[in-house]
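Trainee: Give me a model of this one.
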Amino acid sequence: MSGQTGFWYPSMDVDEIVSSIRGWGLEITNAQIQAPTAEVVQAIYSLFLSQITGLTADTLEEPAMRALGVVEVNQELYANALNMHLLLHHIQRIAMAARVQDFSMKDLVAPETQRTRLILSAFVNFIRFAEEREVFLKELRDKSLRTIEERDRMKQQVEELRAAIEKQKLEAEKSRPQCSALKQENEELRKGLLDTKGDLNKVVDEVAELRDKKKALSRQKVWHHSFF
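Mentor: Below is the predicted model:
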């Protein structure tokens, strides 16, 4: 945290942090801030996410469950991991806006007391700041919702593309015997054309030979009449 740059919110008293969080609808105690656990901080950060962007745990869980629809084993394990990464992704975006540039997974699963208090102070102050500027808050909320919608749209496009590729593969497999038959037929036609060309050349040669013989006979007749 000492490496932070830019504007930094002041550290708040535990009482003030607890009062703000309760005011946003989550019942916690001073002791839970003074000795934070993963479960508590995840609930608090989820509250912050909902307060700023309008995204809830259910909103994040829906695309995760759709993405895991093809997973047949350990689905709950994968779902928990994916939900945690989705929460981290969105919290990191808010953290960057609150000038907490090094927020990591450790802050969600192994929170440290002093660091957590500083981060919560930054988030609480940022939310207060954002609430005073509703337009800014609405833009951030809309952007978060568009991110989820865009991800769902891209996932749908990927699924459609995968289905199209599989369909083309099946069609290619089905048409392979027909292609082989057509190739064989073309080869036979080519050979037939070559044979026809050979016969045609013979005919042309025979016609030329007959024409030469005819000319020779004509010359003999002319010579014979001239002589007699």
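
Trainee: Do you know the pLDDT at R115?
Mentor: Taken from the predicted model, the pLDDT recorded for R115 is 94.

Trainee: Use 308 as the first number for this chain going forward.
Mentor: Got it, the first residue is 308 from now on, which makes the last one we talked about R422.

Trainee: tell me which element it falls in.
Mentor: Taking DSSP states H and E as the definition, R422 sits inside helix 420-438.

Trainee: What lies in contact with that helix?
Mentor: Under the contact criterion C-beta atoms under 8 Å, 6 or more residues apart in numbering, helix 420-438 has outside partners 308, 315-319, 321, 323-324, 327-328, 331, 340-343, 348, 351-352, 355, 358-359, 401-402, 404-407, 410, 414, 443-444, 447. Where you see a C-beta, it was placed from the backbone N, CA and C, and this is true even at glycine.

Trainee: Narrow those to just the buried residues.
Mentor: Members of the contacts of helix 420-438 that pass the buried threshold by neighbour count (16 or more other C-beta atoms under 10 Å) are listed as 316, 319, 321, 324, 327-328, 340, 343, 348, 351-352, 355, 358-359, 401-402, 404-405, 407, 410, 414, 444, 447.

Trainee: what about L333, which SS state?
Mentor: Following DSSP: H, G, I helix; E, B strand; the rest coil, L333 is assigned to coil.

Trainee: Pretty sure it sits against A350.
Mentor: Yes. Contact status for L333 versus A350: in contact at 6.3 Å, counting by C-beta atoms under 8 Å.

Trainee: sorry, back to before: please narrow the contacts of helix 420-438 to those residing in helices.
Mentor: Secondary-structure check on the contacts of helix 420-438 using DSSP state H: residues within helices are 321, 323-324, 327-328, 340-341, 348, 351-352, 355, 358-359, 401-402, 404, 414, 443-444, 447.

Trainee: So in the chain, where's the weakest helix or strand by average pLDDT?
Mentor: Taking all helices and strands of the chain together, the one with the lowest average confidence (mean pLDDT, DSSP states H and E) is helix 364-374, at a mean of 63.

Trainee: hmm, back to that, for the helix holding R422, C-alpha coordinates in PDB please.
Mentor: Once non-C-alpha atoms are left out, helix 420-438 reads as follows in PDB (Å, rounded to 0.1, in the frame of the first residue of the first chain):
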ATOM      1  CA  THR A 420      -6.200  -6.400   9.700                       C
ATOM      2  CA  GLN A 421      -4.400  -3.200   9.000                       C
ATOM      3  CA  ARG A 422      -4.400  -3.500   5.300                       C
ATOM      4  CA  THR A 423      -8.100  -4.400   5.300                       C
ATOM      5  CA  ARG A 424      -8.900  -1.400   7.400                       C
ATOM      6  CA  LEU A 425      -7.000   0.900   4.900                       C
ATOM      7  CA  ILE A 426      -8.800  -0.700   1.900                       C
ATOM      8  CA  LEU A 427     -12.200  -0.500   3.600                       C
ATOM      9  CA  SER A 428     -11.500   3.200   4.400                       C
ATOM     10  CA  ALA A 429     -10.700   3.800   0.700                       C
ATOM     11  CA  PHE A 430     -13.800   2.000  -0.500                       C
ATOM     12  CA  VAL A 431     -16.200   3.700   2.000                       C
ATOM     13  CA  ASN A 432     -14.800   7.100   1.100                       C
ATOM     14  CA  PHE A 433     -15.000   6.300  -2.600                       C
ATOM     15  CA  ILE A 434     -18.600   5.200  -2.300                       C
ATOM     16  CA  ARG A 435     -19.500   8.400  -0.400                       C
ATOM     17  CA  PHE A 436     -17.800  10.400  -3.100                       C
ATOM     18  CA  ALA A 437     -19.500   8.500  -5.800                       C
ATOM     19  CA  GLU A 438     -23.000   8.800  -4.200                       C
END
